[in-house]
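Novice: Curious how this folds, go ahead:
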Amino acid sequence: MTSTLISPAKLKNKLSCEKCILVDVRSKDESNASRIQNSICVPLDELEEYSKSLSREADVVVYCRTGNRSAKAAEILVKVGHGNIYNLEGGILEWQKQGFDVLKLTQSGISIQRQVLLVMGLFVFVSTILAVFVSDSFLYFTVFVGLGMIFAGITGFCGLAVLLEKMPWNKTVAKCSLN
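Specialist: A predicted model of the protein is given here:
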């Protein structure tokens, strides 16, 4: 079993004629910014677990921003025994380039990634000022932040991002508009 590349035009036709499952394997933050209508968001690192709930007979189309992560997603789905796997060629960027609609969520606030950068930057700044004017011991906080960033870079898991996603200001999803 292997996966098949599918062009945006062929996918558009497939969506209008057939029943298939469209899976966005980007992060929830990316998917909330823009996505193909009727797709479900299952980030790549959660896909193997989620695949247990997918019908093995259904056609499954995976996509990401450019097609790289979705190629990995297609490999995962084939590895766990799914047979009808398609990878959107060029990802959502190519889909948009071909003139097909995406849902764009207009959301107030800033992205989780920028919130993480703001919090970490603020934490380093404040702990450095405290180390200079109060006690050298506050430098340990900057070391902690640095180690957390290294861990996030190596593993792809950022505990601060997970925490921020649960904050009430990040739970609100505003209006959807086709574009």
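Novice: I would like the residues contacting stretch 76-90, please.
Specialist: Identification of contacts with stretch 76-90 by C-beta atoms under 8 Å, 6 or more residues apart in numbering yields 1-8, 11, 14, 20, 44, 47-48, 51-52, 54, 56-63, 66-67, 70-71, 73-74, 94-95, 97. Every C-beta, even on glycine, is put in place using the N, C-alpha and C of the backbone.
Novice: Quick check: Asp24 touching Ser31?
Specialist: Yes - using C-beta atoms under 8 Å, Asp24 makes contact with Ser31 at a distance of 4.7 Å.
Novice: neighbour count winner among the two?
Specialist: Per other C-beta atoms under 10 Å, whichever of Asp24 and Ser31 has more neighbours is Asp24, with 27 against 21.
Novice: Residue ranges in the chain under the pLDDT threshold?
Specialist: Applying pLDDT under 70 to the chain picks out residues 1, 105-108, 171-179.
Novice: in it, which spans are strands?
Specialist: 3-6, 20-24, 34-35, 40-41, 59-63, 85-88, 103-105, 176-178 (DSSP state E).
Novice: Mark which of the contacts of stretch 76-90 are buried, thanks.
Specialist: Among the contacts of stretch 76-90, those buried by neighbour count (16 or more other C-beta atoms under 10 Å) are 3, 6, 8, 11, 14, 20, 44, 47, 51, 54, 59-63, 67, 70-71, 73-74, 94-95.
Novice: if we can go back for a sec, common neighbours of Asp24 and Ser31, please.
Specialist: 39, 41.
Novice: Spatially central residue for this structure, please.
Specialist: Ser27 (1.0 Å; C-alpha atoms, centre = their mean).
Novice: For that one, list the residues it contacts.
Specialist: Pro43.
Novice: do the same with Leu118
Specialist: Here Leu118 is in contact with Ile110 (criterion: C-beta under 8 Å, 6+ apart).
Novice: what do you get for Leu47?
Specialist: 23, 25, 73, 76-77 are the contacts of Leu47 under C-beta under 8 Å, 6+ apart.
Novice: Include distance to Tyr140 when you put those into a markdown table, please.
Specialist: What follows is the contacts of Leu47, written out as a markdown table (distance: C-beta to C-beta, whole Å):
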| residue | distance to Tyr140 |
| --- | --- |
| Val23 | 43 |
| Val25 | 38 |
| Ala73 | 40 |
| Ile76 | 40 |
| Leu77 | 44 |
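Novice: out of those, who's nearest Leu160?
Specialist: Val25 (22.4 Å; C-beta to C-beta).
Novice: Quick one: neighbours of the closest one, just the number.
Specialist: Val25, neighbours per other C-beta under 10 Å, totals 29.
Novice: I'd assumed Ile40 was in contact with it.
Specialist: No - here Val25 does not reach Ile40: they are 10.1 Å apart, not a contact under C-beta under 8 Å.
Novice: domains for this protein, by residue range?
Specialist: For the chain, automatic domain parsing gives the domain ranges 3-105, 112-174.
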